[in-house]
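Chemist: just coords:
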Ligand SMILES: CC(C)(COP(=O)([O-])OP(=O)([O-])OC[C@H]1O[C@@H](n2cnc3c(N)ncnc32)[C@H](O)[C@@H]1OP(=O)([O-])[O-])[C@@H](O)C(=O)NCCC(=O)NCCSC(=O)C[C@@](C)(O)CC(=O)[O-]
């Protein structure tokens with residue numbers, strides 16, 4: 001059975017945009033439940049400015065409370081050398097640098113042009129490699145930007161290639177505002193796979209217009225075998241106004257199991273986890289699956 005890897009981004013991408021502070025204990029319980037449901041890669045935090053993203057301010061405490069030797073990857077976002085210093089202090093084994101295919105988004109999100117961001121990442125990469133830390137690379141706005149509108153596929157390919165050549169072991173392609181449709185996914189992947197092998201790509205789809213599952217299916221058919229998703233469909237980027245959450249992990253797992261792929265995830269435990277975090281945030285889960293199944297007492 002072909003394995004598809006899920007990168008669970010709920011504790012980071014999912015919670016970074018919450019208006020009310022999410023308690024450290026709630027984050028840790030969420031991560032524990034996600035791990036118990038079989039997820040083996042859980043993005044646990046971000047070493048970014050607490051002024052820019054207050055919800056991630058406790059990332060050091062989160063990482064310090066996790067067992068980093070338990071066979072689960074807990075990557076964290078790192079935008080610059082200062083972020084890497086914190087990641088090293090936390091003892092992380094994997095980080096993710098995050099760039100964008102849109103100049104305007106890059107400025108709003110990390111206060112740097114694309115070229116400046118790549119320079120910062122070069123420095124982070126060299127130090128991370130010396131410390132034996134794996135580095136993943138994100139490209140945001142691969143199917144559209146909240147400030148610039150359509151983004152040409154060649155621009156996505158340029159940034160993806162730069163991150164890959166720098167040493168990122170995987171490039172996650174983010175439809176940050178969920179505007180993509182399958183035809184656009186195909187055009188974008190055609191351009192990116194010219195410069196990065198498809199086996200090194202991941203899909204990161206937000207579900208603003210309900211297209212994420214269709215887009216994932218299209219990317220699967222193109223050979224992509226890693227997808228980022230967020231339990232209960234939590235999330236959104238604070239610098240992409242109007243962007244809704246990531247595609248819900250439960251809905252992705254339901255699709256993948258239905259198509260005969262292996263994920264290692266127990267869908268029922270995952271749905272319980274979706275209800276757990278939804279109740280903690282005082283709302284319903286954003287996933288079709290968890291809502292259809294309902295809350296099990
Ligand atoms: C990159 C910066 C820091 C530049 O921000 P800046 O203001 O240009 O940074 P600076 O170097 O001028 O420093 C200003 C202050 O920030 C501090 N600082 C500087 N760096 C750090 C750091 N690493 N950690 C903690 N503090 C830091 C620094 O020490 C200083 O503190 P002060 O002297 O004013 O007290 C800022 O723009 C930032 O933190 N941006 C984060 C944005 C973010 O996290 N966005 C959400 C994640 S991206 C996303 O969600 C998309 C994704 C990945 O999911 C994929 C998709 O869907 O497309």
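Modeler: That came through fine. For clarity, every value in this text was computed on a predicted model and none was experimentally measured. Numbering: from 1, shown residues only.
Chemist: In terms of helix, strand or coil, where does residue 27 fall?
Modeler: Per DSSP: H, G, I helix; E, B strand; the rest coil, the local secondary structure of residue 27 is helix.
Chemist: Contacts only, for it.
Modeler: By CB atoms under 8 Å, 6 or more residues apart in numbering, the residues touching residue 27 are 11, 15, 58, 62. All C-beta spots, glycine's among them, are computed from the backbone N, C-alpha and C.
Chemist: same thing with residue 68?
Modeler: 74, 91-93.
Chemist: what separates it from residue 31, distance-wise?
Modeler: Note on residue 68: its distance to residue 31, by CB to CB, to the nearest Å, is 12 Å.
Chemist: Find the residues that touch each one of the two.
Modeler: Counting by CB under 8 Å, 6+ apart, the residues touching both residue 68 and residue 31 are residue 74.
Chemist: List, one by one, the residues from this protein near the ligand.
Modeler: Contacts of the chain with the ligand, taken as CB under 6 Å from any ligand atom, map to 13, 16, 46-49, 52-53, 77, 79-80, 82-83, 98, 109-111, 138, 140, 174, 176, 204, 237-239.
Chemist: Find the nearest non-adjacent residue to residue 75, please.
Modeler: residue 94 (4.1 Å; CB to CB, 6 or more residues apart in numbering).
Chemist: Repeat that for residue 86.
Modeler: Closest to residue 86 by CB to CB, 6+ apart is residue 47, at 4.1 Å.
Chemist: about what we covered before: between which two of the contacts of residue 68 is the distance greatest?
Modeler: The span of the contacts of residue 68, defined through CB to CB, is set by 74 and 91 at 10.0 Å.
Chemist: okay, now the residue nearest to residue 75: neighbour count?
Modeler: 20 (other CB atoms under 10 Å).
Chemist: quick one: residue 64 and residue 87 touch, right?
Modeler: No: taking CB atoms under 8 Å as the definition, residue 64 is not a contact partner of residue 87, at 11.9 Å.
Chemist: Which one of those two is surrounded by more residues?
Modeler: residue 87 (28 against 12).
Chemist: contacting residues around the more buried one?
Modeler: 47, 76, 78, 95, 133.
Chemist: Run the chain-centre distance for the strand or helix carrying it.
Modeler: Per DSSP states H and E, residue 87 falls inside helix 81-90. Helix 81-90 sits 19 Å away from the centroid of its parent chain (CA atoms, centre = their mean, to the nearest Å).
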